[in-house]
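> Model the structure of this input:
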Amino acid sequence: MSFDNKSLQNLIMGALERIAFLVVEPTDPNVTNDLPPAYASAKIDFEGFAMGSVVVSASEGFLLEMASGILGVEPEDISVEVEGLDALREITNILGGEVLRALGGDDNPSKLSLPEVINSAPSTWPTASCLMDAMGELLYVSWYSKAAKKAA
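As a prediction, the model looks like this:
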């Protein structure tokens, strides 16, 4: 299956609508001056028939909105350092699973790591990525493909 930026966008939009009741729209990565910077990033790795990582970066406002949508509380009742980062790890886990499934993971053995907050993204160019705008807040998701392990 071909998995590209558009495929990733569709996965993100569907997952965020289902999980956090957020509507996000793709935005041009060359026009980011109107969006706040990323506050935090998280990564999840997968291996098996396909190998790679999904990295999710989000602005503070996006983390607050996402956590409040998941928990069903007001954003001002959320701590970005607690519930915000928990929500970031959770959406990274969900998107990692969605990417793996889109690559054929339903029919092939695979393993996901636990999502972790990271200080910097991988230094390689992503296989697919997209920048999303959620009510003026930033969400950036990248998929990094790695070579699959060869059978012994």
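
> how deep is residue 86 tucked in, by neighbour count?
If you count neighbours by other CB atoms under 10 Å, residue 86 ends up with 17. Any C-beta I mention is one placed from the backbone N, CA and C, and that applies to glycine too.

> pretty sure it is in a strand, no?
No. According to DSSP: H, G, I helix; E, B strand; the rest coil, residue 86 belongs to no strand; its state is helix.

> which element is the residue nearest the centre of the chain on?
The centroid of the chain falls nearest to residue 56 when counting by CA atoms, centre = their mean (3.7 Å). For residue 56, the host element (DSSP states H and E) is strand 51-58.

> And residue 62, how far from residue 3?
In this view, residue 62 and residue 3 are 24 Å apart by CB to CB, to the nearest Å.

> do residue 112 as well
Taking CB to CB, one finds residue 112 at 16 Å from residue 3.

> Likewise for residue 47?
Residue 47 is 16 Å from residue 3, where distance means CB to CB.

> Got phi/psi on the closest residue to residue 15 other than its chain neighbours?
Distances taken as CB to CB, 6 or more residues apart in numbering place residue 94 nearest to residue 15, at 5.4 Å, with adjacent residues excluded. Reported as degrees, to the nearest 10, the phi and psi values for residue 94 are phi -60, psi -50.

> Residue 94: neighbouring residues, count only.
21.

> sorry, back to before: there's contact between the residue nearest to the centre of the chain and residue 98 in this structure, I believe.
No. With contact defined as CB atoms under 8 Å, residue 56 does not count as touching residue 98 (11.5 Å).

> Provide a complete list of residue ranges assigned to helices in this protein.
5-20, 60-71, 85-100 (DSSP state H).

> The first one - contacts with which helices or strands?
The helices and strands touching helix 5-20, judged by 3 or more CB pairs under 8 Å, 6 or more residues apart in numbering; DSSP states H and E, are helix 60-71, helix 85-100, strand 128-134, strand 137-146.

> ok, residue 143 - contacts?
Counting by CB atoms under 8 Å, 6 or more residues apart in numbering, residue 143 touches 3, 8, 52-54, 99, 126-129.

> For residue 79, see how far away it is.
From residue 143 to residue 79 the distance is 29 Å (CB to CB).

> what about stretch 9-20, average pLDDT?
For stretch 9-20, mean pLDDT is 88.
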